[in-house]
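Undergrad: Quick one, structure for this:
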Amino acid sequence: MGVAAGTSVGIVSFLGALALIYFRGYLLPGTPTLTKRYLPASVLELFGKESVADRVSRSIDADTATEEQLVAIGALTDDEAPALTDSFATAWGAAIEGIRFEDIDESVLRTLFGTDDVSRHAATGAVIDGNQSIRWISESALIADVAAGRLLAERGSGWETLSPNDQIALLRSLRLFIRVCPTCDGSVDVTERTVDPCCERPHTLIEVACSDCETPLADDAVVGIDDDAPGRLRAIRV
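TA: A predicted model of the protein is given here:
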């Protein structure tokens, strides 16, 4: 009797575990967090997964709101496949040229983000207001953002009223549309690919890099793309 009861309990437990795995994708609570936190990218790749932890990841709604803001300030065209307006592209290029060899230190970033609490970390990292961490994908990306931020401030776009977090989001979105490499003036390539992060929905990854010096300039991992898509993705699908 005891053996039969034990067998029944075992079968029920086994079926319950299968149900959890079916509906949730894993058995132990916290598995997605643990695997992403403690398994290195090389291990995740063995299971056909790719980490997006170091990339910007947004929903379509968030991307669309930023896109509309860039259209409103005259940086992007209001088209099905938006692009930089000619006037903004020209002004941005001139601003980049003006700071290309400038030493972008903490004082430059304090002015850019309108705060005295900025500390630099290595060549492409900073912490703003003690808790807002930002890492640029390259020094070229940093140059592009400083030039764009100055340009937006000069144009009366309401730049100074935005929080550092919103300013960073705006600059990152704008950089996806850059036309010329800030370092070598080379042309820019934009590529799209699908990645399958561990225990998450697939992401569409947009990567922007110089075709000449191969410097990475921007990337964006967007979740939940079906027929809808953010502006930069619509532009490269045309």
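Undergrad: now Ile134: how far from Ala126?
TA: Per C-beta to C-beta, to the nearest Å, Ile134 is found 5 Å from Ala126. C-beta: built from backbone N, CA, C; applies to glycine.
Undergrad: where exactly do the strands run in the protein?
TA: 57-59, 118-121, 125-128, 132-135, 188-195, 203-210, 216-223 (DSSP state E).
Undergrad: can you tell which of the ones you listed is closest to Thr85?
TA: Closest to Thr85 of the strands of the chain is strand 188-195 (C-beta to C-beta; 16.5 Å).
Undergrad: burial measure for Arg108, as a count.
TA: For the record, residue 108 is Val, not Arg. 18 (other C-beta atoms under 10 Å).
Undergrad: Mind pulling up the pLDDT for the residue nearest to it when sequence neighbours are not counted?
TA: Beyond its immediate neighbours in the sequence, the residue positioned closest to Val108 (C-beta to C-beta, 6 or more residues apart in numbering) is Val146, lying 6.2 Å away. Per-residue pLDDT puts Val146 at 97.
Undergrad: Point out where this structure drops to low pLDDT.
TA: Within the chain, the ranges that satisfy pLDDT under 70 run 1-65, 195-202, 224-238.
Undergrad: if you set the cut-off to 90 instead, what comes out?
TA: For the chain, applying pLDDT under 90 flags the ranges 1-73, 78-83, 101-102, 120-123, 129-133, 154-160, 162-166, 169, 191-206, 219-238.
Undergrad: Give the closest residue to Asp105 in space, chain neighbours not counted.
TA: That would be Arg120: by C-beta to C-beta, 6+ apart, it lies 6.9 Å from Asp105.
Undergrad: can you count the residues close to Gln69?
TA: Neighbour tally, Gln69, other C-beta under 10 Å: 19.
Undergrad: What of Glu97?
TA: When neighbours are counted by other C-beta under 10 Å, Glu97 registers 14.
Undergrad: Distance of the residue nearest to Asp105 relative to Asp129?
TA: 14 Å.
Undergrad: what's the answer for Ala122, then?
TA: With distances taken as C-beta to C-beta, Ala122 is found 19 Å from Asp129.
Undergrad: repeat for Ala218
TA: Ala218 is 24 Å from Asp129, by C-beta to C-beta.
Undergrad: For the two, indicate the residue with more neighbours.
TA: A direct count of neighbours by other C-beta under 10 Å for Ala218 and Asp129 places Ala218 higher, at 27 against 13.
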